[in-house]
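S.K.: next comes the sequence, and after it the predicted model I'd like to discuss.
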Protein chains: 2
Amino acid sequence: MLGLMQDWPLLVHRVLDHAATYAGDKEIVTRSIEGPVRRTTWGGIHNRSLRLAKALTKRGVKPGDRLATLAWNTERHLEAWYGITGAGGVYHTLNPRLFPEQLVYIANHAEDRMIFVDLTFVPILEKLQDQLKTVETYVILTDAAHMPQTGLRNAVAYEDLLTEADDDFDWLTLDENAACGLCYTSGTTGNPKGVLYSHRSNVLHAMAALQADVLALSNADTVLPIVPMFHANAWSLAFSVPMTGAKMVMPGQKLDGESVYNLLEGEQITMSAAVPTVWLMLLQHMEANNLKLSTLKRVAIGGSACPPVMIQKFEQVYGVEVMHAWGMTELSPIGTIGSLLARDRKKPFDEQLKIKSKQGRPLFTVEMKILDDDGKELPRDGKTFGHLVVRGPAIAKGYFKGEGGQILDEDGFFDTGDVATLDPDGYMQITDRAKDVIKSGGEWISSIDIENIAVGHPAVAVAAVIGVAHPKWDERPLLVVQLKPGASATKEDLLAYLDGKIAKWWMPDDVAFVEAVPINATGKIQKLSLRETFKNHVLPTAGRAA
Amino acid sequence: MLGLMQDWPLLVHRVLDHAATYAGDKEIVTRSIEGPVRRTTWGGIHNRSLRLAKALTKRGVKPGDRLATLAWNTERHLEAWYGITGAGGVYHTLNPRLFPEQLVYIANHAEDRMIFVDLTFVPILEKLQDQLKTVETYVILTDAAHMPQTGLRNAVAYEDLLTEADDDFDWLTLDENAACGLCYTSGTTGNPKGVLYSHRSNVLHAMAALQADVLALSNADTVLPIVPMFHANAWSLAFSVPMTGAKMVMPGQKLDGESVYNLLEGEQITMSAAVPTVWLMLLQHMEANNLKLSTLKRVAIGGSACPPVMIQKFEQVYGVEVMHAWGMTELSPIGTIGSLLARDRKKPFDEQLKIKSKQGRPLFTVEMKILDDDGKELPRDGKTFGHLVVRGPAIAKGYFKGEGGQILDEDGFFDTGDVATLDPDGYMQITDRAKDVIKSGGEWISSIDIENIAVGHPAVAVAAVIGVAHPKWDERPLLVVQLKPGASATKEDLLAYLDGKIAKWWMPDDVAFVEAVPINATGKIQKLSLRETFKNHVLPTAGRAA
């Protein structure tokens, strides 16, 4: 027997309708690519998204068509998402940090019919367009006055495209499971694979993200999404912010410390979200200029593990609460967030810091457990680490066009590829990527744990730990270090620094110094490349094993 | 093209699983019907709900079966909801305040197979059981030691029922649109009609209710749901509280001021929800005994309009934020809630109070508009009032067994039967029930607006305004007053009190004094009965029209 409740599909346009109806005059501010700050409102975004959806429909866009964006966070990018999906299309975010050959592969694989592109990235596409076989139209996210001389096929200025239609348009009524967004993951092996979000998953994920123990956004907030819309679905903010009717500030392309600081203060931001690299630039800028933050209350930090010292500075020096989050493109993306339990909020800061350095607790709609190599569930004791698997309505069940094959286990769980501990309170801590775990004598050593400590040494800029072959233990850890410019440290200094902070048997068997630790497009250490570099490295301990 | 996200139906058991996994040791406290305070945890509730679901399955409960509860808010009532739905059944809440013939009608209409009943209500059912044809089993919500002598068919103590199974049970996997809960509305005309919630509507509604601008619950809260589970789906709290893992305190049957105060202080409640009558008793108790509140931060007040003086006392005297809410059984039930917009929080308290006296703003998932008698949308100007219609995924599309016929308009909106204004910021204010609006010379007069002001007169206990026939204006308002015990006031006193507070043409043409204004089972003024009483009332102004 079915319930008798209304059939009201969860469609992302309903979010924008809500914002326009109940926060129609709330400001959306953009530091534009052209230069000046532009101001509109949720009402304005709604109106222009309707016009875009109608213009795209007139140009023949059909439900399910993929239309790509290669753009910074601006109000036009936001309108593009809503306009595309309102016409039944799928927004496909291209990451400008990818190598050209990856961009070509991805756009062709997605069969993008259009690309909405910022002025910044026009030159990139001009070089690639001969290889982009499916792209019929390039929409330059600017107006006629700023339109560049370009050889891009059927190039049209975004503002001109908007003049092709009025706002008398009804969003397409779609199945809530209809495809809505597409974002490729940059795997370290193999080709990028596309995660295909549905309207339902985007709406549910935003609703889950808004809760008081997650992002806790309210209409009183002013939100600065620094995390790019091309990175992991913008951590839900393109949907969760309008769901509350909060003011939104789009930073454009300038993400350096000074530019971010000026936006935070100038627009009285209360909440922001970014990867640690961005926050590091901000903290350095504020420290160098002896600046304070007057309105910022909360920051979400994710994308890679947040160093404890960053949490400590935000909370103790600047009075800003850190929400340490973990997620993946495949999870829409938020999996866990570091809001403290009531009882933990009463603990001394040092203890809170230890807990906040973990990746937080799962939101409702994310089921999570850890498994051993045989698929057996491991205890939630905060010590045992295992393969982290997840299940939920905003988690991928497969990749676009079936790439990568079956990705769920027989219980429907997705293997994140991460290795983690879960503690009895639900806090999760990533200890490693599964492929980066060092297997020493049948036991697992977490490379990330050691890296997090090593990077605390004052001379260390980047620390990476990889497993190197060892005749007796199979693998032993090698610490690879990139020193800060002008700094110096010896192997002995670094090992002495680690001594006592990690288990004896986790101590690296050797330290190697490099000019630069290789980093990929999304800011992660390229361990595959490091392992290749050091594959013949002979550990000083190797001889003893003979 | 469909998205590629996991099929994870929104089922209420997943909420309880989440609470048990991530807040398994968080306390659930009950002031028991037997007397002593009982303490369990979300882990305990989860375990016992599993056992109940298994025991019910062994006793032949099948998906879609309706199992009723006639019970106060206790942990056992909560377990009954989850145990019933976990076995695929539908919890059906019977309201003990209904007249016996209504209870009989409702239980027979629902075809309840079992009734879970508190000790308090056993005598009621003993008298009615011969008429309850479909009820096979009566589960007395107690243990063997407290089991009464009873002639109820197949009576079993709840705790004995739980011993019939262990907790090795998998919740039934259901379609998320499967029926989950059933609650009858007590219409003033016709038979009560059943609203049939689905798993999906209950989960979505709880997710919407948790947001920062709605109930804003977090795991740090301790929540006291005074609003009965038999009243309008307990305002989502049976689902939204475990979704956060907050501590929950169940008040049992004692809802007087002293009992509620003792729970608030003794269990360090931070958030509670109840109808104005309950809060009035609490405020009177605190005033009479010069008491303060040390932990309570927020109260949700709904069910009937909250008098401004109540909001003022909570906020200014006791430092408790009032969330004035409006809802209906058909809306799961929350439709709007009075969290202030950022800009309104900066206003002087008097202005805030005016805004908070409105019913608040719609949550995301509730679409709302006002229509004239011809179905044309009216402006959102805060002045024009019209029929309030709503649409959303947790709003009824029809009543159980098709009673009442088609209830949605062609756009899928449900007519709430209320008349309201909507202002440009989204605040909604109920001005009347549609059938209680007074139509004077083609214009509408809001009976509720006048009542709200009249009840502010120090001598008035209850004020009701109804339309009485008038030869010139069709209808004119009559103010019906029940004075406070020992108080006195004349017609002239009351009209003078209203003068200047309402439009001249809204001024009642007469005042009638009664011993008691009739109130129905859910605390609402029975205007139908009043209109019957005064149908031949001759207004002093009637002669002038001749």
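M.R.: On my side now, so go ahead.
S.K.: residue A:115 should be in a helix, yeah?
M.R.: No - according to DSSP: H, G, I helix; E, B strand; the rest coil, residue A:115 belongs to no helix; its state is strand.
S.K.: nearest residue to the residue most central in space within chain A other than its sequence neighbours?
M.R.: What sits nearest the mean C-alpha location of chain A, by Cα atoms, centre = their mean, is residue A:232, with 4.3 Å. Spatially, and ignoring its direct neighbours in sequence, residue A:232 is nearest to residue A:333 (3.9 Å; Cβ to Cβ, 6 or more residues apart in numbering or on different chains). For the C-beta atoms, the positions are set from N, CA and C on the backbone; glycine is no exception.
S.K.: what distance do you get for residue A:186 to chain B?
M.R.: 18 Å (Cβ to the nearest Cβ, to the nearest Å).
S.K.: contact partners for residue A:272?
M.R.: For residue A:272, the contact set (Cβ atoms under 8 Å, 6 or more residues apart in numbering or on different chains) comprises A:223, A:224, A:225, A:226, A:264, A:296, A:298, A:299, A:300.
S.K.: surely the second one touches residue A:251?
M.R.: Yes - here residue A:224 lies in contact with residue A:251, judged by Cβ atoms under 8 Å, at a distance of 6.3 Å.
S.K.: which neighbours do those two share?
M.R.: With Cβ under 8 Å, 6+ apart, residue A:224 and residue A:251 have common neighbours A:260, A:263.
S.K.: residue contacts, residue A:159?
M.R.: A:142, A:143, A:144.
S.K.: now do residue A:122
M.R.: Going by Cβ under 8 Å, 6+ apart, the list of residues near residue A:122 reads A:140, A:148, A:150, A:152.
S.K.: model confidence score at the second one, please.
M.R.: Yep, that's residue A:148 we're talking about. Each residue has a pLDDT score; the one for residue A:148 is 97.
S.K.: where's it relative to chain B, distance?
M.R.: Taking Cβ to the nearest Cβ, one finds residue A:148 at 33 Å from chain B.
S.K.: need the nearest residue in space to that residue, chain neighbours excluded.
M.R.: residue A:122 (5.8 Å).
S.K.: kindly confirm my reading that that neighbour is in a helix.
M.R.: Yes - counting by three-state DSSP, residue A:122 falls inside a helix.
S.K.: distance of it relative to residue A:159?
M.R.: From residue A:122 across to residue A:159, the span is 16 Å (Cβ to Cβ, to the nearest Å).
S.K.: what does residue A:178 give?
M.R.: 29 Å.
S.K.: list the buried residues in the biggest helix by length in chain A.
M.R.: With secondary structure taken from DSSP state H, chain A has its longest helix at helix A:42-58. Neighbour counts over helix A:42-58 (16 or more other Cβ atoms under 10 Å in any protein chain shown) mark A:42-57 as buried.
S.K.: and of those residues, the nearest to chain B?
M.R.: For these, the residue nearest chain B by Cβ to the nearest Cβ is residue A:43; the value is 10.9 Å.
S.K.: surely that closest one meets residue A:20?
M.R.: Yes - taking Cβ under 8 Å as the definition, residue A:43 is a contact partner of residue A:20 at 5.1 Å.
S.K.: neighbours around residue A:133, how many?
M.R.: Neighbours of residue A:133 under the rule other Cβ atoms under 10 Å in any protein chain shown: 11.
S.K.: which residues are in contact with it?
M.R.: By Cβ under 8 Å, 6+ apart, the neighbours of residue A:133 are residue A:108.
S.K.: also the one 4 residues further on?
M.R.: Contact partners of residue A:137, counting by Cβ under 8 Å, 6+ apart, are A:59, A:113, A:114, A:115, A:153, A:154, A:155, A:156.
S.K.: give me the buried entries from these.
M.R.: Going by neighbour count (16+ other Cβ under 10 Å), the contacts of residue A:137 have A:59, A:113, A:114, A:115, A:155, A:156 buried.
S.K.: ok, these vs residue B:68, which is closest?
M.R.: For those, the residue nearest residue B:68 by Cβ to Cβ is residue A:113; the value is 56.0 Å.
S.K.: how near is the closest one to residue A:59?
M.R.: Counting by Cβ to Cβ, the gap from residue A:113 to residue A:59 is 9 Å.
S.K.: go on, residue A:481?
M.R.: 54 Å.
S.K.: contacts only, for residue A:44.
M.R.: Residue A:44 touches residue A:28, counting by Cβ under 8 Å, 6+ apart.
S.K.: tell me the confidence at it?
M.R.: 98.
S.K.: then residue A:532?
M.R.: At residue A:532, pLDDT is 89.
S.K.: could you list every helix and strand in contact with whatever helix or strand it lives in?
M.R.: In this structure, residue A:532 sits in helix A:527-533 according to DSSP states H and E. Under the contact criterion of 3 or more Cβ pairs under 8 Å, 6 or more residues apart in numbering or on different chains; DSSP states H and E, helix A:527-533 touches strand A:460-470.
S.K.: between the helix or strand following the strand it packs on and strand A:460-470, how many degrees?
M.R.: Proceeding N to C from strand A:460-470, the next assigned helix or strand is strand A:474-483, under DSSP H and E. Here the directions of strand A:474-483 and strand A:460-470 differ by 160 degrees (axes from the mean of the first three to the mean of the last three Cα atoms, to 10 degrees).
S.K.: tell me the mean pLDDT over the following helix or strand past strand A:474-483?
M.R.: Once strand A:474-483 ends, the next helix or strand along the chain (criterion: DSSP H and E) is helix A:491-498. Across helix A:491-498, pLDDT averages out at 95.
S.K.: pull out the buried residues from helix A:491-498.
M.R.: By 16+ other Cβ under 10 Å, the buried positions in helix A:491-498 come out as A:494, A:495, A:497, A:498.
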